[in-house]
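Peer 1: generate coordinates for the sequence data below:
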Amino acid sequence: MSTGRLLSTEALSCMSNVDNVTGGQSHLVLQPVWDYLHQNHHGLLRSPLFPVFLSVTTYFFLVGLYTVLDLLAPTWPCINRYRLHRDRPVTLPNIWTTLGVTIYNHLLYIFPAAVAQWLWRPPTPLPREAPTLWSFFLGILGCMVIFDFQYYLWHLLHHRIPWLYRTFHAVHHQYNEPFSLVTQYLSGWELFSVGFWATVDPILLQCHCLTTWGFMVFNVYVSTEDHCGYNFPWAMHNLVPFGLWGGVPKHDAHHQRPNTNFAPFFSHWDWLGGTNTVPTPPSHSATGEPDELKGRKDYRT
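Peer 2: Here you go, the predicted structure:
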């Protein structure tokens with residue numbers, strides 16, 4: 001073989017190796033995790049019940065943590081200082097009422113839907129390759145943007161049309177100072193709508209199943225955080241710049257002023273629709289009671 005041909009062959013070989021490495025690098029971050037899940041939990045991940053199990057366990061884990069904080073806050077100033085309504089503690093009757101409705105909805109709606117999905121849906125196909133890190137986060141962001149628009153319109157209509165509000169959405173507004181268990185203190189129709197969009201949006205964007213599960217967990221997390229009643233430094237609205245994320249204060253303001261802040265996550269639709277309002281922190285009187293809450297004896301409206 002001539003020297004020129006030898007050099008040409010080596011150059012092509014090197015370029016091929018570089019292409020292989022470059023193409024593989026995009027999967028290196030998530031591929032080991034996906035390989036582990038694929039090899040050790042293949043049957044569980046393929047089950048049509050797994051997305052339901054993932055969402056439900058994530059939700060109860062998060063509300064369990066926040067409920068512990070709610071119970072500790074009245075005697076632990078280091079926790080209570082982050083509450084938006086620090087002089088209005090979450091009581092055991094509040095917790096039992098919202099927990100009862102949550103369990104009722106899960107037994108009456110979510111459990112039968114999960115059984116139907118298990119009987120009628122085929123097992124989830126699991127691809128061998130993990131999504132790239134870029135497509136993973138971009139897919140979650142895309143699902144969040146679509147979901148945000150869908151729920152903004154749903155939410156706006158259910159406040160603007162009195163019959164829809166009274167029939168379906170009023171139950172959620174029985175608490176004007178939300179805490180974590182209010183997240184799913186919903187009518188069956190609202191619970192179905194939220195669950196439907198959260199299920200369909202990743203399908204519309206043709207997301208990898210790992211991306212779909214990531215979106216579901218993140219969606220539950222931010223929904224619970226929006227209702228938790230705590231303004232922690234690590235909350236999403238404190239991490240996302242320029243006021244692009246509504247977060248806890250704005251959703252709390254929505255429960256105080258129901259004709260404002262309809263979007264569940266981002267702020268742009270409320271800006272464009274003229275429904276945005278900037279929440280004001282409650283002022284405290286000499287007795288420690290927020291001025292705007294004087295004379296209100298019941299936590300529920």
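Peer 1: residue nearest the middle of the protein, spatially speaking?
Peer 2: Residue closest to the mean C-alpha point of the chain, counted by C-alpha atoms, centre = their mean, is N219 at 2.1 Å.
Peer 1: quick check: it touching A198?
Peer 2: Yes: between N219 and A198 there is a contact at 5.6 Å, judged by C-beta atoms under 8 Å. C-beta here means a position set from N, CA and C on the backbone, and glycine is covered the same way.
Peer 1: any shared contact partners between the two?
Peer 2: F147 (C-beta atoms under 8 Å, 6 or more residues apart in numbering).
Peer 1: so where's the protein shaky on pLDDT?
Peer 2: The chain contains residues with pLDDT under 70 at 1-27, 280-301.
Peer 1: at 90 what do you get?
Peer 2: 1-29, 38, 48, 87, 111-125, 176, 243, 277-301 (pLDDT under 90).
Peer 1: in it, which spans are helices?
Peer 2: Here the chain has its helices, by DSSP state H, at 3-28, 31-40, 42-46, 50-72, 77-80, 92-105, 111-120, 133-160, 162-164, 188-204, 209-227, 236-239, 247-256, 268-273.
Peer 1: can I get the ones you listed in TSV with distance to F179?
Peer 2: Output for the helices of the chain, formatted as TSV (distance: least, C-beta to C-beta, whole Å):
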stretch	distance to F179
helix 3-28	41
helix 31-40	34
helix 42-46	32
helix 50-72	6
helix 77-80	13
helix 92-105	7
helix 111-120	25
helix 133-160	20
helix 162-164	25
helix 188-204	18
helix 209-227	7
helix 236-239	17
helix 247-256	10
helix 268-273	23
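Peer 1: please identify the most buried of the ones you listed.
Peer 2: helix 247-256 (a mean of 22; mean count of other C-beta atoms under 10 Å).
Peer 1: distance between it and the chain's centre?
Peer 2: 15 Å (C-alpha atoms, centre = their mean, to the nearest Å).
Peer 1: what's in contact with that helix?
Peer 2: Counting by C-beta under 8 Å, 6+ apart, 84, 173, 175-178, 225-231, 235-238, 240, 260-262, 264, 267, 270, 277-279, 281 sit against helix 247-256.
Peer 1: ok, of those, which come out buried?
Peer 2: 84, 173, 175-178, 225-231, 235-237, 260-262, 264, 267, 270, 279 (16 or more other C-beta atoms under 10 Å).
Peer 1: among these, which ones are in strands?
Peer 2: Among these, none falls in strands (DSSP state E).
Peer 1: show me what contacts the residue nearest to the centre of the chain?
Peer 2: Counting by C-beta under 8 Å, 6+ apart, N219 has contacts C143, M144, F147, A198.
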